[in-house]
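Colleague: structural data only, the sequence is not supplied:
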């Protein structure tokens with residue numbers, strides 16, 4: 001997400017950071033480029049004007065221009081302004097009320113409202129321990145109620161039994177009563193949508209709201225529609241008491257105009273971002289993290305949270321114990337590769353790591369995708385148990401056998417072995433560091449940055465971009481072995 005905007009801004013700020021001193025004209029020229037980049041990203045014109053004016057006013061101040069690192073100071077000002085534009089702090093759901101707390105989902109047809117309802121319900125159940133009941137009030141769209149029922153079964157969340165012919169207001173009343181009788185914590189109402197904003201839609205939502213008294217009214221909009229999404233949000237905000245917005249298909253939105261404009265134009269916070277089709281592909285919207293991704297600063301916190309959510313405590317402790325003894329074989333590498341898949345794959349991780357913009361671009365340019373992880377897994381699976389424990393046993397004859405068994409080439413086997421060697425070196429460095437005290441050491445001198453020499457070069461043809469190079473040796477280690485002590489602490493708090 002935000003790829004095109006991030007690339008444009010990255011180029012602007014690389015030039016600023018590359019200069020030892022800045023004058024006012026340098027800053028204003030950079031801000032003109034920022035303005036063009038934001039407009040091309042489909043950010044609303046009034047929002048762009050306000051953003052650029054505020055940043056320029058701060059950036060041309062004497063404290064910045066006379067700073068030892070003026071380029072970095074400008075980037076910080078832009079980062080802070082982006083966070084402000086995106087809404088400041090994280091806006092969480094307000095569930096402080098006598099149960100059942102009602103959450104009403106509204107929006108147009110095709111925005112992903114029903115799927116988002118099930119995603120949030122699953123999140124509330126698994127992460128917050130809430131007992132949730134979902135009810136579909138959409139009697140217009142064929143099979144809409146059945147769709148929510150199926151999604152509820154997949155998410156392990158109860159749904160209100162369907163009574164054919166019942167009107168939305170009556171369904172809402174029945175849902176509230178059922179939630180009270182069943183001691184439900186949160187009741188989620190999936191209301192009907194329309195192809196466009198009309199009075200009938202608004203009247204129906206107001207009637208449902210009157211009988212259910214929702215604590216949260218969330219508008220679901222498709223981020224891929226850009227400024228249309230912002231216009232829809234404005235229309236709803238003028239008619240219904242919205243408390244927040246859910247942006248769907250954020251993973252496919254390379255421009256990001258809807259996300260950047262939404263808060264400034266509507267005054268309503270973005271509470272969730274849908275990042276895929278799976279029921280767990282939704283995350284709270286964190287403005288500071290999104291700003292970091294846009295400016296290429298990465299999002300280490302999200303990586304750690306993903307790791308904490310996907311890595312088994314026993315596996316992490318077992319691997320950490322082996323690392324403390326300097327042990328790291330092919331079985332450990334296989335565990336790491338599978339953890340990477342569970343955390344979203346190479347592209348998702350690269351997009352959240354500081355300084356990995358070029359690496360991610362090289363992956364895309366070379367046509368590389370997460371199938372490379374499956375090929376690596378197949379190669380390791382073709383080895384004997386003894387070979388996995390002692391990769392040095394793999395002579396030329398054995399490599400040919402492994403390649404044939406996994407449907408790959410001997411070169412691919414060699415690249416995987418090189419990757420294992422690089423990771424083994426990284427593990428030894430981490431051991432010397434005493435388990436990485438704090439995330440700051442991770443990318444500093446002597447951290448994983450030192451364990452991945454020449455990463456950008458190795459991502460090209462012949463390196464990982466060409467199949468399975470050794471340059472990403474440290475990246476899989478990020479799953480658990482890269483942060484043994486930190487992740488163990490996180491995992492134990494779950």
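Modeller: On my side now, so go ahead. Everything numeric here is computed off the predicted structure, so don't read it as measured data. Numbers count the residues shown, from 1 in each chain.

Colleague: got the buried residues for whichever strand or helix holds residue 172?
Modeller: Using DSSP states H and E, residue 172 sits in helix 168-181. Within helix 168-181, the residues scored as buried using 16 or more other C-beta atoms under 10 Å are 168-169, 171-172, 175-176, 178-179. Quick note: C-beta positions are derived from backbone N, CA and C, even for glycine.

Colleague: helix/strand/coil for residue 21?
Modeller: With DSSP: H, G, I helix; E, B strand; the rest coil as the basis, residue 21 sits in coil.

Colleague: with residue 133 instead?
Modeller: Three-state call for residue 133 (three-state DSSP): strand.

Colleague: who does the helix holding residue 172 touch, helix- and strand-wise?
Modeller: With contacts taken as 3 or more C-beta pairs under 8 Å, 6 or more residues apart in numbering; DSSP states H and E, helix 168-181 sits against strand 132-136, strand 186-190, helix 199-212.

Colleague: among those, where is the model least confident on average?
Modeller: Mean pLDDT is lowest for helix 199-212 out of these, coming in at a mean of 90.

Colleague: so which bits of that helix are buried?
Modeller: By neighbour count on 16+ other C-beta under 10 Å, the buried set for helix 199-212 is 201-202, 204-205, 208-209, 212.

Colleague: same question for stretch 126-144.
Modeller: Buried-residue list, stretch 126-144, by 16+ other C-beta under 10 Å: 130-139, 144.

Colleague: pLDDT at the residue lying farthest from the centre of the chain, what is it?
Modeller: Residue farthest from the centre of the chain, counting by C-alpha atoms, centre = their mean, is residue 397 at 43.3 Å. What the model reports for residue 397 is a pLDDT of 93.

Colleague: picking that back up, from the buried residues of helix 168-181, which is closest to residue 197?
Modeller: Minimum distance to residue 197 across the buried residues of helix 168-181 is 17.2 Å, recorded for residue 168 (C-beta to C-beta).

Colleague: that closest one - nearest residue in space that isn't next to it in sequence?
Modeller: Excluding its sequence neighbours, the residue lying closest to residue 168 (C-beta to C-beta, 6 or more residues apart in numbering) is residue 137, at 4.1 Å.

Colleague: dump the residue contacts of that neighbour.
Modeller: Residues in contact with residue 137 (C-beta atoms under 8 Å, 6 or more residues apart in numbering) are 168, 171-172, 189-192, 208.

Colleague: so, low pLDDT: which residues of the stretch 151-300 of the chain?
Modeller: Applying pLDDT under 70 to the stretch 151-300 of the chain picks out residues 253-254, 296-300.

Colleague: in the helix or strand harbouring residue 374, what counts as buried?
Modeller: Element membership of residue 374, judged by DSSP H and E, is helix 371-381. Judged by neighbour count using 16+ other C-beta under 10 Å, the buried positions of helix 371-381 are 372-373, 376-377, 379-380.

Colleague: how about TSV for these, with pLDDT and distance to residue 388 added?
Modeller: As requested, the buried residues of helix 371-381 are exported to TSV (pLDDT from 0 to 100; distance: C-beta to C-beta, whole Å):
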residue	pLDDT	distance to residue 388
372	78	19
373	76	17
376	86	13
377	86	12
379	92	11
380	91	6
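
Colleague: mind picking the two most distant members of the buried residues of stretch 126-144?
Modeller: Longest distance between any two of those is 26.7 Å, between 130 and 139; criterion C-beta to C-beta.

Colleague: for residue 280, give its distance to residue 119.
Modeller: Separation of residue 280 from residue 119 (C-beta to C-beta, to the nearest Å): 7 Å.

Colleague: with neighbour numbers in mind, choose between the two.
Modeller: Of the pair residue 280 and residue 119, residue 119 is the one with more neighbours under other C-beta atoms under 10 Å, namely 26 against 14.

Colleague: isn't residue 420 up against residue 390?
Modeller: No. Taking contacts as C-beta atoms under 8 Å, residue 420 lies outside contact range of residue 390: 11.4 Å.

Colleague: against which helices or strands is the helix holding residue 374 packed?
Modeller: Applying 3+ C-beta pairs under 8 Å, 6+ apart, one finds that helix 371-381 contacts helix 330-342, helix 345-352, helix 396-406, helix 410-432.

Colleague: got the angle for that helix vs helix 410-432?
Modeller: On the basis of axes from the mean of the first three to the mean of the last three C-alpha atoms, to 10 degrees, helix 371-381 is oriented at 90 degrees to helix 410-432.

Colleague: do you know how far the residue lying closest to residue 207 once chain neighbours are set aside is from residue 139?
Modeller: Excluding its sequence neighbours, the residue lying closest to residue 207 (C-beta to C-beta, 6+ apart) is residue 169, at 5.0 Å. Using C-beta to C-beta, we find residue 169 at a distance of 11 Å from residue 139.

Colleague: picking that back up, how about TSV for the helices and strands packed on helix 168-181, with distance to residue 338 added?
Modeller: Below are these laid out as TSV (distance: least, C-beta to C-beta, whole Å):
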stretch	distance to residue 338
strand 132-136	30
strand 186-190	33
helix 199-212	44
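
Colleague: which of those sits closest to residue 295?
Modeller: With C-beta to C-beta as the criterion, residue 295 lies closest to strand 186-190 of those, at 35.0 Å.

Colleague: which residues sit against that closest one?
Modeller: With C-beta under 8 Å, 6+ apart as the criterion, strand 186-190 contacts 95, 99-105, 113-114, 117, 120-121, 124, 130-138, 144, 148, 172, 175-176, 179, 208, 212, 214.

Colleague: repeat that for 6 Å
Modeller: 100-105, 114, 117, 121, 124, 130, 132-137, 148, 175, 179 (C-beta atoms under 6 Å, 6 or more residues apart in numbering).

Colleague: sorry, back to before: and the angle for the helix holding residue 374 with helix 396-406?
Modeller: 120 degrees.

Colleague: tilt between helix 371-381 and helix 330-342?
Modeller: Using the same axes, to 10 degrees: helix 371-381 against helix 330-342 is 160 degrees.

Colleague: next SSE after helix 371-381?
Modeller: From helix 371-381, the next helix or strand downstream (DSSP H and E) is helix 385-389.

Colleague: in the helix or strand containing residue 121, what's buried?
Modeller: With elements taken from DSSP H and E, the one containing residue 121 is helix 113-128. Neighbour-count burial for helix 113-128, counted by 16+ other C-beta under 10 Å, picks out 113-125.
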